[in-house]
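Trainee: Structure here, sequence nowhere to be found:
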């Protein structure tokens with residue numbers, strides 16, 4: 001319990017210490033249309049030779065931060081009239097930070113967006129219309145599939161451009177699995193994961209990690225052809241009850257990582273994931289993070305699909321737009337920001353720096369050009385996405401407003417369950433009741 005309190009205190013202190021990623025933008029004038037009417041100064045500044053300053057924020061780990069900053073430096077070298085100020089943080093603090101900035105009206109010009117938050121930010125009027133830049137050719141989409149543009153669109157208007165495609169994955173330590181004498185299929189069931197985890201622990205002493213977060217809950221709903229947020233809005237507990245029962249089952253197993261150690265390791269941050277130092281033999285993430293996880297671990301890691309359930313009626317695996325980028329509605333330099341997104345997406349030179357760290361490039365020519373140049377870890381991601389694409393079912397609709405609050409309370413409830421402060425049935429009841437209320441209030 002002591003470690004739990006310390007972990008919570010550290011999280012608060014980290015959040016408080018995050019530097020604001022201020023935008024160079026002021027408020028846009030909503031009274032008209034077009035660049036001048038929206039307060040876009042890009043054209044005027046370019047004509048006068050004045051330097052255009054953009055701010056760019058993303059979440060990530062050290063590998064992503066290094067390659068992104070290197071790419072940004074190249075863009076500024078090629079475009080000396082543009083200065084890009086960058087800020088980044090890890091996933092766990094990013095959305096709190098972005099929410100505070102949105103509330104203060106000082107979002108960065110270019111925002112790394114996620115599929116699950118897209119609708120929330122669009123509905124609150126925080127995101128600029130990218131369709132105008134696509135239609136004008138500022139953002140070239142001629143080598144990008146329509147489905148990619150559609151994935152970042154709401155009601156026919158594009159608000160986010162994906163840099164690549166990725167998929168949920170379970171990553172595992174090949175050497176430990178081999179030492180235990182077990183063989184992993186391309187997709188385990190959750191029941192098989194439990195049994196194999198016990199065998200690995202008996203043979204090697206290495207623990208199993210089970211994803212107690214909302215991602216696994218969504219996968220469980222998908223195995224029955226359902227959508228988690230539809231269930232929560234209706235007050236249905238089907239997926240939630242199954243999920244919390246699984247969390248409880250793994251938590252009580254000697255073969256699984258303890259709550260205290262899990263709090264200490266923090267699987268939300270690549271550098272501290274328990275698989276990195278061999279505390280666990282597996283971890284759950286998205287394929288675009290494989291390169292960072294493998295590089296940080298410094299050893300041979302395998303990839304397999306997120307587990308399904310033994311009674312699944314639908315394949316839960318899907319391809320997800322990776323690392324959306326949006327432009328803030330408050331940006332004074334929307335066109336210049338759009339030019340950067342065009343370069344970020346379509347430049348082979350840029351993507352030879354990024355090397356698919358944010359997912360397999362959506363521009364078909366770029367993907368073909370960089371594939372021979374990627375290292376062994378990147379090649380594994382290319383191959384994995386190819387396998388998932390053979391069986392993937394359509395992705396769920398964008399998550400509703402309130403998703404962030406629901407995800408946060410899910411973490412709290414899972415922590416309470418792991419520490420014995422509630423049981424699986426109580427956790428499901430609390431989660432569904434609270435989530436239904438959140439969805440009802442945010443829909444108003």
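Mentor: All right, it came through fine. Computed from a predicted model, the values in this text were never measured in an experiment.

Trainee: Going by C-alpha atoms from here, please, whenever you check contacts or count neighbours.
Mentor: OK.

Trainee: Which strands or helices does the helix or strand harbouring residue 164 pack on?
Mentor: Using DSSP states H and E, residue 164 sits in strand 161-166. Secondary-structure packing of strand 161-166 (3 or more CA pairs under 8 Å, 6 or more residues apart in numbering; DSSP states H and E): helix 146-151, strand 320-327, helix 334-346, strand 360-361.

Trainee: Give me the next element, helix or strand, following the last one.
Mentor: Counting by DSSP H and E, the next helix or strand C-terminal to strand 360-361 is helix 364-370.

Trainee: list the helices and strands that following helix packs on?
Mentor: helix 348-354.

Trainee: still on that earlier bit, highest mean neighbour count out of the helices and strands packed on strand 161-166?
Mentor: For those, the largest average neighbour count (mean count of other CA atoms under 10 Å) is found in strand 360-361, namely a mean of 27.

Trainee: all helices of the stretch 151-300 of the chain, in order?
Mentor: Listed from the start of the chain, the stretch 151-300 of the chain has helices (DSSP state H, counting those that start in this stretch) covering 174-179, 190-204, 214-223, 228-234, 238-252, 259-265, 290-297.

Trainee: that older thread, of the helices and strands packed on strand 161-166, which is nearest residue 101?
Mentor: Using CA to CA as the measure, strand 320-327 is the one of the helices and strands packed on strand 161-166 that comes nearest residue 101, at 13.9 Å.

Trainee: picking up where we left off before, what lies in contact with the strand holding residue 164?
Mentor: 148-149, 152, 286-288, 319-326, 341, 344-345, 356, 358-362, 385 (CA atoms under 8 Å, 6 or more residues apart in numbering).

Trainee: residue closest to the middle of this protein?
Mentor: residue 114 (5.9 Å; CA atoms, centre = their mean).

Trainee: where does that residue fall, phi/psi-wise?
Mentor: phi -120, psi 150 (degrees, to the nearest 10).

Trainee: where's it relative to residue 253, distance?
Mentor: Per CA to CA, to the nearest Å, residue 114 is found 34 Å from residue 253.

Trainee: and what of residue 218?
Mentor: 23 Å.

Trainee: of the two, who's got more company?
Mentor: Counted by other CA atoms under 10 Å, residue 218 and residue 253 do not tie: residue 218 has more neighbours, with 19 against 15.

Trainee: Who are the contact partners of that one?
Mentor: Counted by CA under 8 Å, 6+ apart, residue 218 has contacts 227, 228, 239.

Trainee: can you redo those residues as TSV with pLDDT and distance to residue 391?
Mentor: Formatted as TSV, the contacts of residue 218 follow (pLDDT from 0 to 100; distance: CA to CA, whole Å):
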residue	pLDDT	distance to residue 391
227	96	18
228	97	21
239	97	22
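
Trainee: Just the strands from this protein, written as ranges.
Mentor: Counting by DSSP state E, the chain has strands at residues 52-59, 82-89, 110-113, 153-154, 157-158, 161-166, 168-173, 187-189, 282-286, 301-308, 320-327, 360-361.

Trainee: Can I get the ones you listed in CSV including mean pLDDT and distance to residue 389?
Mentor: Listed next are these as CSV, based on pLDDT from 0 to 100; distance: least, CA to CA, whole Å:
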stretch, mean pLDDT, distance to residue 389
strand 52-59, 96, 26
strand 82-89, 95, 30
strand 110-113, 96, 23
strand 153-154, 92, 21
strand 157-158, 96, 24
strand 161-166, 88, 10
strand 168-173, 97, 12
strand 187-189, 97, 14
strand 282-286, 96, 14
strand 301-308, 97, 12
strand 320-327, 89, 11
strand 360-361, 87, 12
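
Trainee: Residue 62: which of the helices of the stretch 151-300 of the chain is closest?
Mentor: Among the helices of the stretch 151-300 of the chain, the nearest to residue 62 by CA to CA is helix 290-297 (7.9 Å).

Trainee: Endpoint to endpoint, stretch 154-164 covers what distance?
Mentor: 19 Å.

Trainee: gap between that stretch and the chain center?
Mentor: 16 Å (CA atoms, centre = their mean, to the nearest Å).

Trainee: ok, the contacts of residue 218 vs residue 307, which is closest?
Mentor: residue 239 (14.4 Å).

Trainee: any idea how far the closest one is from residue 414?
Mentor: Counting by CA to CA - residue 239 and residue 414 are separated by 14 Å.

Trainee: just residue 324 next, same as before
Mentor: For residue 324, the distance to residue 414 - CA to CA - is 28 Å.

Trainee: Likewise for residue 92?
Mentor: 16 Å.

Trainee: Of these two, give the one with the bigger neighbour count.
Mentor: residue 414 (25 against 16).

Trainee: Test my guess that that one contacts residue 426.
Mentor: No. With contacts counted by CA atoms under 8 Å, residue 414 stays clear of residue 426, the gap being 10.9 Å.

Trainee: Now do the same for residue 241: its pLDDT.
Mentor: Residue 241 carries a pLDDT value of 98.

Trainee: got the contact list for the closest residue to residue 70 other than its chain neighbours?
Mentor: In space, residue 70 comes closest to residue 353 once its chain neighbours are excluded; the distance is 7.3 Å by CA to CA, 6 or more residues apart in numbering. Shown in contact with residue 353 (CA under 8 Å, 6+ apart): 67, 68, 70, 71.

Trainee: any idea how far the spatially closest residue to residue 324 that is not a sequence neighbour lies from residue 364?
Mentor: Spatial nearest neighbour of residue 324, excluding adjacent residues (CA to CA, 6+ apart): residue 162 at 4.1 Å. Residue 162 sits 13 Å away from residue 364, taking CA to CA as the criterion.

Trainee: Have a look at these two and say which one is more surrounded.
Mentor: residue 162 (27 against 14).

Trainee: what's residue 269 sitting at in phi/psi?
Mentor: Torsion angles, degrees, to the nearest 10, at residue 269: phi -110, psi 130.

Trainee: quick one: it and residue 90 touch, right?
Mentor: Yes. With contact defined as CA under 8 Å, residue 269 reaches residue 90; the gap is 6.6 Å.

Trainee: Which neighbours do these two have in common?
Mentor: Contacts common to residue 269 and residue 90, judged by CA under 8 Å, 6+ apart, are residue 61.

Trainee: rewinding a little: and of the helices of the stretch 151-300 of the chain, who's closest to residue 407?
Mentor: Among those, the nearest to residue 407 by CA to CA is helix 214-223 (6.2 Å).

Trainee: got the contact list for stretch 117-135?
Mentor: Stretch 117-135 has contacts (CA under 8 Å, 6+ apart) with 102, 139-141, 152, 154, 157-160, 326-330, 334-335, 338, 398-404.

Trainee: could you flag which of those are buried?
Mentor: Buried members of those, counted by 16 or more other CA atoms under 10 Å: 102, 139-141, 152, 158-160, 326-330, 334-335, 338, 398-404.

Trainee: Who's the closest spatial neighbour of residue 308, skipping the chain neighbours?
Mentor: residue 189 (4.7 Å).
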